[in-house]
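> Give me a model of this one.
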Amino acid sequence: MVANYPYQLNLSRKACKTAGFTLIEVIAVVLLLGILAAVAVPRFLDANPEATQAATDSVAAALSAAAANNYGIRKANATKGSAVTNCTNIGTLSVGLLPAGYSITSLALSNNQVASCTVTHSDGTTTANFRGIGIS
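Got it, this is the predicted structure:
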């Protein structure tokens, strides 16, 4: 077909190619998705212990902050704050500070003593240490 007009379209067989993906392209995409799934799925299935440890670490950090805050309040005014004579007292400094499913190992604290206390998740596999400060 010869174009008589400069803007006339060339409608040859080559220009009328149908749109879509070839079989090779589809197979390549399915293969890549399969490889990604084979790598990613075990990582997601293994994430639960890491998440439990991170939650236990967060509880320990909150307990440590609460102990330091209580110490400062009590030191400034003996009628405010709470006496802490055992690591277990730290869990009761604030409502909801120690979530259900966690326990604190008992350890006696004397006045102005700083000690490493331990919080344990109920599954028994995750523990974290936090700083306890005794004050009467």
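
> Please identify the buried residues of the host helix or strand of residue 132?
Residue 132 belongs to strand 127-133 when assigned by DSSP states H and E. Residues of strand 127-133 classed as buried by neighbour count (16 or more other Cβ atoms under 10 Å): 127, 128, 130, 131, 132, 133. In short, each C-beta sits where N, CA and C put it, glycine included.

> from those residues, which single one is nearest residue 33?
Ranked by distance to residue 33 (Cβ to Cβ), these are led by residue 128 at 38.3 Å.

> And for that closest one, nearest residue in space, chain neighbours not counted?
In space, and not counting its chain neighbours, residue 128 is closest to residue 60: 3.7 Å by Cβ to Cβ, 6 or more residues apart in numbering.

> secondary structure element for that neighbour?
In the assignment (DSSP H and E), residue 60 maps to helix 47-76.

> Tell me the helix or strand right after that helix.
Elements were assigned by DSSP H and E; along the chain past helix 47-76, the next helix or strand is helix 87-90.

> Run through who's touching that next one.
Helix 87-90 is contacted by residues 63, 66-67, 70, 82-84, 97, 104-107, 109, 115, 117-118, 130, 132 when judged by Cβ atoms under 8 Å, 6 or more residues apart in numbering.

> Give the ChimeraX command for selecting the buried subset of these.
ChimeraX command restricting the contacts of helix 87-90 to the buried ones, with burial defined by 16+ other Cβ under 10 Å:
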select :63,66,67,70,84,97,104,109,115,117,118,130,132
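
> picking up where we left off before, roughly how far out does the helix holding residue 60 sit from the chain middle?
Using Cα atoms, centre = their mean, to the nearest Å, the mean C-alpha position of helix 47-76 is found 15 Å from that of the whole chain.

> which helices and strands does it pack with?
helix 87-90, strand 102-104, strand 114-121, strand 127-133 (3 or more Cβ pairs under 8 Å, 6 or more residues apart in numbering; DSSP states H and E).

> can you pull the buried residues of that helix?
52, 55-57, 59-60, 62-64, 66-67, 70-71, 74.

> and which of those residues is nearest residue 27?
Closest approach to residue 27 among the buried residues of helix 47-76 (Cβ to Cβ): residue 52, at 40.2 Å.

> okay but that closest one is in contact with residue 121, surely?
Yes - contact criterion Cβ atoms under 8 Å: residue 52 and residue 121 qualify, at 6.0 Å.
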